[in-house]
Structures are given as structure tokens and as C-alpha cells.
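Q: Sequence and predicted structure below; questions after.
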Amino acid sequence: ACQGEAACGSAAISGGVIENIEDACQGQRACEGSAGDKGFIRKIFDACQGENACYKAGYGGNITEIMSACNAHGACKNAGSGSMEIPSGIDSCCNEVGECE
């Protein structure tokens, strides 16, 4: 799902819920801004592989876990910012400069 440019941008905003983003958000800005403004993403796994794919995902909302994801320039930049910490952490992702600033 969410394989093209801006395909799922702003999904589940304003209190919406996304259980898992898995093997998705593969295009430029594919899931930009998803689960923002008090939205919730339980897990991002093997996803957010395009430039700015998950930029500002969970901004002002909540992301529980990011794993094996965010491996393109700016892929998860500002993800989860303006919200609480990511309790399960960030693992096997954000390996290059600029991917998760």
C-alpha cells in the first residue's frame, strides 16, 4: 500500500489510528504527515523507503515503534516530533545522515 508519490499523505490525522505501516510508503512523500495531530501509529516496519516518505509522520501524535525502516534521504525526518517519545525505540533504521533528523 501507499506505493506512489503522496499516496497516503495525511492518513489517520486528527486522532486516527494506523496499526501497522509494513512494507509500505515506498514513494516520495508517500506517507508524509500520516497520523499527525493526535493520530497514532503502532508500528512502522520495513517501510518509509522513499525520499521524505514518512516526513512528519506522527507529528503531534504518537508512534510506538520504528524498525527496519526510514532508509532514504529525509525518510523519517521529524517523524514523531512534537509528541511523546517512541517507547519501543528505533531499531535498524536511520543509518545515513539526514534520514531521521
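A: Perfect, thanks for sending it. Residues are numbered from 1 along each chain as shown.
Q: what about Thr64, which helix or strand?
A: Using DSSP states H and E, Thr64 sits in strand 62-67.
Q: Could you pull out the buried residues of that strand?
A: When neighbours are counted by 16 or more other Cβ atoms under 10 Å, the buried residues of strand 62-67 are found to be Asn62, Ile63, Glu65, Ile66, Met67. Backbone N, C-alpha and C define where each C-beta goes, glycine included.
Q: doesn't Gly60 make contact with Gly15?
A: No - using Cβ atoms under 8 Å, Gly15 is not in contact with Gly60; the gap is 10.8 Å.
Q: who's more crowded, those two?
A: Gly60 (17 against 11; other Cβ atoms under 10 Å).
Q: Tell me the spacing between that one and Ser34.
A: As judged by Cβ to Cβ, to the nearest Å, Gly60 and Ser34 stand 12 Å apart.
Q: Low-confidence bits of this structure, can you list those?
A: For the chain, residues meeting the criterion pLDDT under 70 lie at 84-85, 87, 89, 95, 99, 101.
Q: List the contacts of the nearest residue to Asp23 once chain neighbours are set aside.
A: The shortest distance from Asp23 to any residue that is not its chain neighbour, by Cβ to Cβ, 6 or more residues apart in numbering, is 5.1 Å, and that residue is Asp46. Under the criterion of Cβ atoms under 8 Å, 6 or more residues apart in numbering, the contact list for Asp46 reads Glu22, Asp23, Met67, Ser68, Ala69.
Q: Filter the residues you listed down to the buried ones.
A: So, of those, Met67, Ala69 end up buried under the neighbour-count rule (16+ other Cβ under 10 Å).
Q: And the contacts of Asp46, which two are furthest apart?
A: Using Cβ to Cβ, the contacts of Asp46 reach their maximum pairwise distance at Asp23 and Met67, which is 12.1 Å.
Q: shared neighbours, those two?
A: Phe45, Asp46.
Q: quick one: the strands in this structure?
A: Taking DSSP state E to define them, one finds strands in the chain at 17-22, 40-45, 62-67, 90-91.
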